[in-house]
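1. Structure here, sequence nowhere to be found:
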């Protein structure tokens, strides 16, 4: 049976994720309203502007259904702003910004600086037990995880000013990355995530 994966399609890098999922032979659906979550096998929360994603999700009455679906075990793959949106706490939230609170982590928005300081680097990502992949990762105004709570697995780090910085985490069925594996058309992270269902 072919999996059906939704991509939160309120704002941000929706098309890149849809393209990779299509290449992997997955049925896809854009998620904009609560009923779009029905029957999904997984959900991608893409990069973009985390505060805008939050505001739009609340205005479409989608935030609570997203939280409930993830709490009920729906696998989630979140990238960049998606990591911010899934965090329990933010070091530097925009005024009034809320999150889904799916991951027991604290995240600092735009930790890699503004757009002109964006960079690509190779990051080893633990995609399964005892299996890591070197991924060419695009860090675009990327966040960092500044606190990791109990039960959160660190799956990727990158060199930072004060040693290795946490740029990928997993808790339960929620996997979140600071960077954009989809920007280079590399499907391996998505493929490994799909294999975990």
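-> Done, it's in. Everything numeric in this text was worked out from a predicted model, so none of it was measured. Residues are numbered from 1 along each chain as shown.
2. What are the boundaries of the strands in this structure?
-> 4-8, 27-31, 42-45, 76-79, 87-90, 103-108, 119-128, 131-139, 144-148, 153-160, 163-171, 174-177 (DSSP state E).
3. any idea how far the one residue sitting closest to the centre of the chain is from residue 185?
-> Taking CA atoms, centre = their mean, the centroid of the chain lies closest to residue 78, which sits 1.2 Å from it. Separation of residue 78 from residue 185 (CB to CB, to the nearest Å): 19 Å. The way it works is simple: take the backbone N, C-alpha and C, and place the C-beta from them, glycine included.
4. Go ahead and confirm residue 105 touches residue 149.
-> Yes: the pair residue 105 / residue 149 is scored as a contact, 6.1 Å apart, by CB atoms under 8 Å.
5. Look at these two and report which has more neighbours.
-> Per other CB atoms under 10 Å, whichever of residue 105 and residue 149 has more neighbours is residue 105, with 22 against 13.
6. contacting residues for residue 100?
-> The neighbours of residue 100, taking CB atoms under 8 Å, 6 or more residues apart in numbering as the test, are 63, 66-67, 70, 85-86.
7. again, 10 Å this time
-> For residue 100, the contacting residues are 45, 54, 57, 63-64, 66-68, 70-71, 76, 78, 82, 84-88, 174, by CB atoms under 10 Å, 6 or more residues apart in numbering.
8. Next: residue 175.
-> So residue 175 contacts 75-79, 82-83, 86, 103, 125-127, 153, 155, 168-169, 189, 192-193, 196 (CB under 10 Å, 6+ apart).
9. and with 8 Å instead?
-> Contacts of residue 175 (CB under 8 Å, 6+ apart): 75-78, 155, 168-169, 193.
10. Pick the one among those residues closest to residue 10.
-> Set against residue 10, the nearest of the contacts of residue 175 by CB to CB is residue 78 (13.4 Å).
11. confidence score at residue 68?
-> As predicted, residue 68 sits at a pLDDT of 98.
12. can you check residue 11 too?
-> pLDDT, residue 11: 94.
13. Pull up the overlap in contacts between residue 105 and residue 149.
-> 88, 171.
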